[in-house]
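> coords please:
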Amino acid sequence: RIFAQDRPILESQRPELLPLDLQAELHLRSDRTAIAYRRWLRQLGVRTGAA
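Take a look at the predicted model:
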């Protein structure tokens, strides 16, 4: 039931590319996990962002 209510919203979303340049955004302490993930992506050689 909840999924049915959320479905129109979920289906209307379009993912954006994830900026791997950490200076492209303002970060807070709560972003530490996301920052670590982006650094890991860079170490893997991902350069253009992820969808």
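
> CA only for contacts and neighbour counts going forward, please
Fine.

> send the alpha carbons of the least confident helix or strand in the chain by mean pLDDT over as PDB?
Taking mean pLDDT, DSSP states H and E as the measure, the chain has helix 2-12 as its least confident helix or strand, at a mean of 84. Taking C-alpha atoms only, helix 2-12 is exported to PDB below (Å, rounded to 0.1, in the frame of the first residue of the first chain):
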ATOM      1  CA  ILE A   2       2.700   2.500   0.900                       C
ATOM      2  CA  PHE A   3       4.600   1.600  -2.300                       C
ATOM      3  CA  ALA A   4       1.500   2.300  -4.300                       C
ATOM      4  CA  GLN A   5       1.200   5.800  -2.800                       C
ATOM      5  CA  ASP A   6       4.900   6.500  -3.500                       C
ATOM      6  CA  ARG A   7       5.100   5.000  -6.900                       C
ATOM      7  CA  PRO A   8       4.200   8.200  -8.900                       C
ATOM      8  CA  ILE A   9       6.900  10.100  -7.100                       C
ATOM      9  CA  LEU A  10       9.500   7.400  -7.400                       C
ATOM     10  CA  GLU A  11       8.800   7.000 -11.100                       C
ATOM     11  CA  SER A  12       9.000  10.700 -11.800                       C
END
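
> which secondary structure elements does the helix or strand that that helix is followed by contact?
With elements assigned by DSSP states H and E, the helix or strand that comes after helix 2-12 is helix 32-43. Of the remaining helices and strands, none touches helix 32-43 by 3 or more CA pairs under 8 Å, 6 or more residues apart in numbering; DSSP states H and E.
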